[in-house]
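>>> this one's sequence-less:
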């Protein structure tokens, strides 16, 4: 009898573990299955109405933006904003690890909390696993409110596969930052070697910052149950520049396909050019078909992805496995050579620039919580195109012939990696 009870107990535990594993590796809500057809050009007012009404918040006038390249420019700007805070700081990030830069952020947040500033920090449970616990204790001791997003529990392990990949910093409800950087040593420096990554982050001022704050509040409520509101967080914002923008977000709990659809609508509306800087480029068949269709009508497609120096060779393999249709249609795909390329910038027709946390892969489109700043500004787009071309000079173009002639063992490994694409 005792042996039978043990067998039943082990069977139950193994069944429970298998069930949790299956749930953890589901791919989110029902995915888009139909191609988005071209109805208008990106320059047309109807395109912007679609993005501002059908999918997201309205596009707002009167904003100012600053592009920040690599840690030597990004972190000083973020830290200066934190140190200037008078009312509130809200900060959501995926990666927060140890090291000098982690210490600098912890010290700055601690000092402002002691000065009476209300500070709320939301860290992804998976992405912040390497943080020094002393950082957390010191910040919390000073009054910083810290929450972990989707900390797993035995009865709900599945939600661990839904991570907040958003990267948002809002100071006094007036200045916002978003882009690709995490708080870790890899993002310091100037992209000068394999230990210092190439990345871009963006500072925003003006009415669109309230939308950034609202996106933060969405996950803060999920993690804490607390509603933050009032002038401390949402002051009246007036025009500070001429830029038009919106903050676009997605989440499996509230429309996992919205970010994916934003990209598909933009690709369908493209008339002349698409430039894509993508740290993790593993598009699904629908996105690949949309890009191929764009090239058939004359759109020039240029893509920069990481080269041999990459933090996930599995993702690189899965990416390379699917390049055939794109290269055959005329895509210019290049791999960045000096270091890990972590940028996430999507520029279309010299007008739209979408920046933020979103990668071109299933994890960003369907599994993670993401946020992008969509900027509609020709001058800003021109500056981003110049930076893209500077990165292109440090990248190696992969021709269709070179892709076809890669060694058989590489093709085999890339095919195996592509089998995991739903989770990448």
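Looks like it came in fine. Remember, it's a predicted structure, so these values are computed and weren't measured experimentally. Numbering: from 1, shown residues only.
>>> C-alpha only now, for contacts and for neighbours.
Will do.
>>> And residue 251, what's its pLDDT?
According to the per-residue confidence, residue 251 scores 80 in pLDDT.
>>> Around the residue nearest to residue 265 when sequence neighbours are not counted, count how many other residues there are.
Nearest non-adjacent residue to residue 265, counting by C-alpha to C-alpha, 6 or more residues apart in numbering: residue 36, 6.5 Å away. The local packing of residue 36 (other C-alpha atoms under 10 Å) involves 18 other residues.
>>> Ok, residue 229 next?
When neighbours are counted by other C-alpha under 10 Å, residue 229 registers 12.
>>> before we move on, what SS does it have?
Under DSSP: H, G, I helix; E, B strand; the rest coil, residue 229 falls in the coil class.
>>> Give me the phi and psi for it.
Backbone dihedrals for residue 229, given as degrees, to the nearest 10, come out at phi -150, psi -180.
>>> And it, how far from residue 218?
Look at residue 229 and residue 218: by C-alpha to C-alpha, to the nearest Å, they are 12 Å apart.
>>> pLDDT of the single longest strand found in the chain, averaged?
Ranked by residue count, the top strand of the chain under DSSP state E comes out as strand 60-69. In this model, strand 60-69 has an average pLDDT of 98.
>>> partner strands of it, parallel or antiparallel?
Paired strands of strand 60-69, with direction, are strand 200-205 (antiparallel), strand 243-250 (antiparallel) (DSSP bridges).
>>> Figure out how far the last one is from the centre of its chain.
Read it as strand 243-250. 13 Å (C-alpha atoms, centre = their mean, to the nearest Å).
>>> What is the following helix or strand past it packed up against?
With elements assigned by DSSP states H and E, the helix or strand that comes after strand 243-250 is helix 258-269. Helix 258-269 is packed against strand 243-250, helix 285-296, with contacts defined by 3 or more C-alpha pairs under 8 Å, 6 or more residues apart in numbering; DSSP states H and E.
>>> you'd agree residue 135 is in a strand?
No: with the criterion set as three-state DSSP, the secondary structure at residue 135 is helix rather than a strand.
>>> wait, isn't it in contact with residue 104?
No: under the contact definition of C-alpha atoms under 8 Å, residue 135 does not touch residue 104, with a separation of 9.9 Å.
>>> More neighbours: which of those two?
Remark: of residue 135 and residue 104, residue 135 carries more neighbours, 19 against 15, as counted by other C-alpha under 10 Å.
>>> OK, contacts around the more buried one?
Contact criterion C-alpha atoms under 8 Å, 6 or more residues apart in numbering gives 102-103, 106 as the residues in contact with residue 135.
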